[in-house]
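Novice: return atomic coordinates for the entry below.
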Amino acid sequence: MFKSDIEIASECKMRPISEIAKEIGIDDEYLEMYGKYKAKINLDIMKKLKDKKDGKLVLVTAINPTKAGEGKTTTTIGLAEAFAKLGKKAILTLREPSMGPVFGLKGGAAGGGYAQVVPMSDINLHFTGDMHALTSVNNLISACIDNHLYFGNELNIDPKRIVWKRCMDLNDRSLRKVEVDVGKGIKREDNFNITVASEVMAILCLCKDLDDFAYRIGEAIVAYTYDNKVVKVKDLKIVGSLKVLMMDAIKPNLVQTLENNPVLIHGGPFANIAHGCNSLIATKMGLKLADYCITEAGFGADLGAEKFFDIKCREGNLKPNAVVLVVTIRALKMHGGILKEDIDKEDIDALKRGIPNLVKHIENIQKYHLPCVIAINKFFSDTDKEISYLTNWCKQNGYEVELCEGFAKGGQGAISLTKKVIELCEKDNSKFTYLYDIKDNLEKKIETICKQIYGAKELEFSKEALENIDFLTKSGLNKNLLVCMAKTPFSLSDDEKLIGRPENFTIHVKEVRISNGVRFAVVLTGDIMTMPGLPRVPTATKININSEGKIEGLF
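Specialist: Here you go, the predicted model:
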């Protein structure tokens, strides 16, 4: 029987993180240790590296996920391990896991099998405290808003138009609707977001440094006045305190893979309700420290990759060199209509029916004019006939394809895939471009994403969404906004039941919010929610620590 992820991780012989740092050119003066195997990197190192040429940037994305799991992070980590085996200087940049999914349904988010980042339990839980810092920043703002109301409301805030939400880094559906009792007879309805869906998280992941974070958080809109004026965080006069709370969290975290290769983990926005990419700070640092920087975007190319290209790359002036599109035979069979309990049975017909979902994601990457290789992430249940069929289909249709066995074999299992990635990077055929013009009006940008990336036939804007857009236009807040779509990850549409490659569907735009600190228009579609709930049997019921101090059941 194959060992669990936590068992494999606990057997790893980690090296002191100071040794890992030294091998990629990080001197002790830039390291801030969090025990023996974790460290933060002082941003001053970027001054030392400013004249160094950037390495190649590789994005890992996937098809629409299913309950069978796709192993995108596992594939990403396997790539990093294989680069090292091939004698290439590479660094991996990943998001920090949220404790919501860790204790909910998904479990840990540090890879799997023999392609993991460690210390796995630390990374999945409190890590270096970044999530706590972000939550504190967010909730200090909320506390000061209500305190301002209590002491006379000098800013003339309309309590019914406070748009800043409290947050926490756990799934709790009971917090989707709460009543805030400010005191002095002031009561208002409110709701919580999960921390990883907050504007504070988005700002961390797109800012340049601590000063830029302070500027951006100051520009975030918290409320509107009775006479329709904007109230920003800076109007509360607490930006200095918020900056202090972020002074450590702004620094990327350095850890290692099971094979002792460097990983920067920093920032963790969800991709279904946020922009789904690790911090720009960490990615830019990775590009300076190594010849190859491998990163990933959350969920499929319809959500994570689109936001990586149109938001993160635009904000950071990044130019990707190659894309790895992860696919599994199990997931394609589910997109072909079979049930999860049947995915281990050979079914070429279901595989054929699911391939259109893969095709759409290939087309999406091609819209950005980037070279791409399809990575078939191998599962134990995949049959030779199924692997052969999918591989031949890819080759016959002119697509680069490689089998990846990182889960079972670590870096050795990703050698052929990595060689292909290196080949694509060296050919340098990237002619990267954005999907939409930043100067287009907001409705046109939303329509472009929905029709070109999702394949929607029509869009339907609710009355509230149209009012939101009209207000942004009249108030002048709509200029040059980036679009951050909030949509189910399980379908190209906004209905998770429409699997495969649905056609002739309508995207329902329910609400449009502005995150002014990152210049986002957050577009909520379908039944998307910004505070997830726990499943009937949460993972929290399976996690424990034994008498030897080892954590069990994390994944």
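
Novice: grab the longest helix from the chain for me.
Specialist: Looking across the chain with DSSP state H, the single longest helix is helix 130-150.

Novice: off-centre distance for that one?
Specialist: 24 Å (C-alpha atoms, centre = their mean, to the nearest Å).

Novice: and it, which residues are buried?
Specialist: By 16 or more other C-beta atoms under 10 Å, the buried positions in helix 130-150 come out as 130-131, 133-142, 144-146, 148-149. Every residue, glycine included, has its C-beta placed from N, CA and C.

Novice: can you check stretch 362-378 too?
Specialist: Under 16+ other C-beta under 10 Å, the buried positions of stretch 362-378 are 362, 364-365, 368, 370-378.

Novice: what of stretch 182-189?
Specialist: Burial within stretch 182-189, assessed by neighbour count using 16+ other C-beta under 10 Å, is assigned to 182, 188.

Novice: any idea which of the buried residues of stretch 362-378 is closest to residue 205?
Specialist: Checking these against residue 205 by C-beta to C-beta gives residue 368 as the nearest, at 20.0 Å.

Novice: contact partners for the nearest residue to that closest one once chain neighbours are set aside?
Specialist: The shortest distance from residue 368 to any non-neighbouring residue, by C-beta to C-beta, 6 or more residues apart in numbering, is to residue 309 (5.2 Å). Applying C-beta atoms under 8 Å, 6 or more residues apart in numbering to residue 309 gives the contacts 320, 368, 432, 434-435.

Novice: pull out the buried residues from the residues you listed.
Specialist: Buried among the contacts of residue 309 by 16+ other C-beta under 10 Å: 320, 368, 435.

Novice: may I see these arranged in JSON lines, with secondary structure, pLDDT and distance to residue 354 as well?
Specialist: Output for the buried ones among the contacts of residue 309, formatted as JSON lines (DSSP: H, G, I helix; E, B strand; the rest coil; pLDDT from 0 to 100; distance: C-beta to C-beta, whole Å):
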{"residue": "320", "secondary structure": "coil", "pLDDT": "97", "distance to residue 354": "27"}
{"residue": "368", "secondary structure": "coil", "pLDDT": "97", "distance to residue 354": "24"}
{"residue": "435", "secondary structure": "coil", "pLDDT": "97", "distance to residue 354": "25"}
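
Novice: which of the contacts of residue 309 sits closest to residue 282?
Specialist: Nearest to residue 282 among the contacts of residue 309, counting by C-beta to C-beta, is residue 320 at 15.6 Å.

Novice: do you know the pLDDT at residue 106?
Specialist: The per-residue pLDDT reported for residue 106 equals 62.

Novice: same question but for residue 447, I mixed them up
Specialist: 98.

Novice: out of the contacts of residue 309, which one sits closest to residue 334?
Specialist: residue 368 (26.6 Å).

Novice: from residue 308, how far out is that closest one?
Specialist: Distance of residue 368 to residue 308, given as C-beta to C-beta, to the nearest Å: 10 Å.

Novice: where do the strands sit along the stretch 151-300 of the chain?
Specialist: Here the stretch 151-300 of the chain has its strands, by DSSP state E, counting those that start in this stretch, at 157-162, 166-168, 178-183, 186-190, 192-194, 221-225, 230-232, 253-257, 262-265, 292-296.

Novice: neighbouring strands - and their directions - for the fifth one?
Specialist: Spelled out, that is strand 192-194. According to DSSP bridges, strand 192-194 forms sheet pairs with strand 166-168 (parallel).

Novice: please apply the same query to the first one.
Specialist: Using DSSP bridges, the neighbouring strands of strand 157-162 in the sheet come out as strand 221-225 (antiparallel).

Novice: what average pLDDT does the partner strand get?
Specialist: 97.

Novice: which residues are contacting that strand?
Specialist: 141, 145, 155-158, 161-164, 230-233, 235-236, 477, 514, 516.

Novice: now do that strand against helix 130-150, angle only.
Specialist: Put simply, strand 221-225 runs at 10 degrees to helix 130-150, going by axes from the mean of the first three to the mean of the last three C-alpha atoms, to 10 degrees.

Novice: buried ones in strand 221-225?
Specialist: 221-224.

Novice: quick one: distance of that strand to the chain centre.
Specialist: 28 Å.

Novice: hang on, the earlier thing: so which of the strands of the stretch 151-300 of the chain comes closest to residue 491?
Specialist: Nearest to residue 491, of the strands of the stretch 151-300 of the chain and by C-beta to C-beta, is strand 292-296 at 20.4 Å.

Novice: next structured bit after the closest one?
Specialist: Counting by DSSP states H and E, the element after strand 292-296 in chain order, helix or strand, is helix 306-307.

Novice: low-confidence ranges, this protein, go.
Specialist: Filtered on pLDDT under 70, the chain yields the residue ranges 1-2, 106-109.

Novice: just give me the longest strand of it.
Specialist: Longest strand in the chain, counting residues (DSSP state E): strand 506-515.

Novice: helices and strands around that strand, which ones?
Specialist: If you count contacts as 3 or more C-beta pairs under 8 Å, 6 or more residues apart in numbering; DSSP states H and E, strand 506-515 packs onto strand 458-461, helix 463-474, strand 520-525.
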